[in-house]
Structure formats: structure tokens, C-alpha cells
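J.: pasting the sequence and the predicted model now:
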Amino acid sequence: MGTQAENPKPSFQGSAAIKARPRVPGLFSQAWAGLMTGASDDDPCGIGNYSQVGALGWNAIDESIYTVICTDNLYTCYAGFMNDRVSPSQAERASALAAELRAIFGKLKRKVREQGGQSDLRPSQVSVVLRIEKAGPSTVSSLARAEGMRPQSMSTIITSLLETGLVNGSPDPNDRRQTLMSLSRKCQNLLKDGRAARQDWLTTTIQKKLSSGEQEKLAATVNLLARLIED
């Protein structure tokens with residue numbers, strides 16, 4: 001039985017075609033392996049090149065040089081798709097920015113509030129005063145519903161505001177059994193003076209601490225902040 005000649009295994013080192021091609025310069029040839037196999041694991045191009053180099057050997061890098069042009073457009077398309085996604089660094093940056101904004105707004109709010117003078121009113125009383133200012137004369141029951149509390153609790157707050165002269169009560173013309181609570185002149189003046197003091201302090205601080213260019217940047221920032229609260 002005759003012995004069949006085995007088909008010779010292809011040898012990239014012995015291939016005349018490969019030898020005929022221009023060799024890659026020494027330094028670039030050494031670096032090329034890293035370029036071809038250095039992609040991250042979530043890059044399909046990198047995964048393919050790892051398998052190719054492992055199966056064909058380092059001499060196959062010469063072949064890869066001639067195929068990289070073909071895969072370049074595909075890789076560019078893939079990279080563009082990846083760039084369209086929100087990267088973890090962008091999400092972390094947004095989270096850090098949100099934390100900084102909350103901290104700054106909290107400090108600014110406290111600083112501005114201090115400029116309106118010290119107030120002996122509790123937060124619940126301030127909330128009711130501002131509610132009456134916005135809605136106009138209101139009954140105790142309607143104020144309780146708006147503030148999400150029981151009528152008995154609202155009655156306690158209204159009583160304290162009546163004692164300090166910040167609100168006045170008058171009969172409801174549509175229902176004489178009901179009493180409408182409204183802000184007194186004293187309360188209106190306190191609100192007006194406090195807001196004027198806070199506005200003056202903030203205006204003076206901006207002019208004192210920020211240059212003209214910085215004030216323009218602040219104006220642009222205010223527009224961006226306004227977009228955050230848009231519905």
C-alpha cells in the first residue's frame with residue numbers, strides 16, 4: 001500500500017508571498033502585537049484578534065496588517081455606537097454634580113434666610129403664612145387640607161399667629177359661619193422688608209465677589225438651572 005504524500009502544513013515563515021511583502025519595522029512589529037490584542041474584553045474586535053494571534057502565531061501578525069484596513073471602518077462604527085451610550089464616568093460626574101448643587105443650595109438658602117432678620121416663627125407657621133399670601137383669605141379647614149394636616153392642628157397654628165398679630169380673621173361673606181384668615185398689615189410689611197433685605201444682600205455679594213465675566217457665567221448657569229426644574 002503506497003504512502004500518500006501528506007499535504008504540507010502552511011507555514012507563514014516559509015510562505016513566499018509573505019516573504020515578498022515588506023516587513024514591518026522592528027519597533028512597530030514588536031508593538032503591533034500589543035495594538036492588535038490590547039483591546040478591552042467588551043470589544044469584539046479585540047476578542048477576535050486574541051483568537052487569531054493565539055491560533056496562527058506571532059507571524060500571523062503580518063497577515064493582520066493587511067486586514068486591519070478592512071476592519072477599520074467596522075471598528076469606527078462600533079466605537080461611535082459605544083460613545084453614544086452614557087459611560088460610567090459620565091454618570092458618576094452627574095451624581096457628584098448633583099451632590100455639590102444640593103450642598104451649595106442648602107448653604108445659600110441658609111445664608112440668604114439669615115439676611116431677612118431673625119424670626120421666632122416655627123417652620124409650620126411660616127408655611128401657613130406663605131400659603132395665605134399665595135391663596136388669599138382662607139378658612140382653617142381649607143388651609144388644613146392644603147397643608148396636609150388635621151383641622152385641630154391648623155387651628156393651633158392659626159391661634160398662635162392671631163396672638164402675634166400676623167393674621168386677622170373676618171367672617172366669610174358667602175358663609176357667615178366660616179372665618180377667613182388673612183395676613184395683617186404687620187405681616188405683609190415683615191415679608192416685604194425681609195425679601196428686600198435678602199435681595200440687597202445677594203445683589204451686593206454678587207457685585208462684590210464676582211467680576212463682570214463671572215457674572216455672565218453665573219447668568220448662563222441660572223438658565224441651565226431653570227431647565228432642571230422645567231416640567
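T.: In hand now; what should we look at?
J.: what about the helix or strand hosting Arg93, average pLDDT?
T.: Per DSSP states H and E: Arg93 is located in helix 88-114. The pLDDT scores in helix 88-114 average 92.
J.: list the contacts of the nearest residue to Leu121 once chain neighbours are set aside.
T.: What sits nearest to Leu121 in space, not counting adjacent residues and going by C-beta to C-beta, 6 or more residues apart in numbering, is Val129, at 7.3 Å. (Glycine included, C-beta is placed from N, CA and C.) Neighbour list for Val129: 121, 161, 166-167, 183, 187, 191 [criterion: C-beta atoms under 8 Å, 6 or more residues apart in numbering].
J.: among those, which are in helices?
T.: Those of the contacts of Val129 mapping onto helices are 161, 187, 191, per DSSP state H.
J.: let me know the closest of those to Glu114.
T.: Among these, Leu191 lies closest to Glu114 (C-beta to C-beta), at 16.1 Å.
J.: quick one: the residue nearest to the closest one when sequence neighbours are not counted from Gln188, how far?
T.: Spatial nearest neighbour of Leu191, excluding adjacent residues (C-beta to C-beta, 6+ apart): Glu133 at 6.8 Å. Using C-beta to C-beta, to the nearest Å, Glu133 is found at 8 Å from Gln188.
J.: and this structure, what are its domains?
T.: According to automatic domain parsing, the chain comprises the domains 16-84, 86-115, 123-190.
J.: quick one on the thing from earlier: out of the ones in helices among the contacts of Val129, which end up buried?
T.: Buried members of the ones in helices among the contacts of Val129, scored by 16 or more other C-beta atoms under 10 Å, are 161, 187, 191.
J.: next, count neighbours for the closest residue to the second one other than its chain neighbours.
T.: So that's Cys187. Excluding the flanking residues, the one nearest Cys187 by C-beta to C-beta, 6+ apart is Leu166, at 4.1 Å. By other C-beta atoms under 10 Å, 21 other residues sit near Leu166.
J.: likewise Trp201?
T.: For Trp201, the neighbour count with other C-beta under 10 Å is 15.
J.: so it sits against Val112, correct?
T.: Yes. With contact defined as C-beta atoms under 8 Å, Trp201 reaches Val112; the gap is 7.1 Å.
J.: quick one, helices of the chain?
T.: In the chain, the helices defined using DSSP H lie at 16-20, 26-37, 44-56, 61-84, 88-114, 123-135, 140-147, 151-163, 185-209, 212-228.
J.: so what's the residue nearest to Cys187 up against?
T.: 129, 183-184, 186-187, 190.
J.: can you do 7 Å?
T.: Contacts for Leu166 (C-beta atoms under 7 Å, 6 or more residues apart in numbering) come out as 129, 183-184, 186-187.
J.: which parts of stretch 127-137 are buried?
T.: Here stretch 127-137 shows 127-129, 131-132, 137 as buried, counting by 16+ other C-beta under 10 Å.
J.: on that earlier part again, farthest pair in the contacts of Leu166?
T.: Across the contacts of Leu166, the longest distance by C-beta to C-beta is 11.4 Å; it joins Val129 and Lys186.
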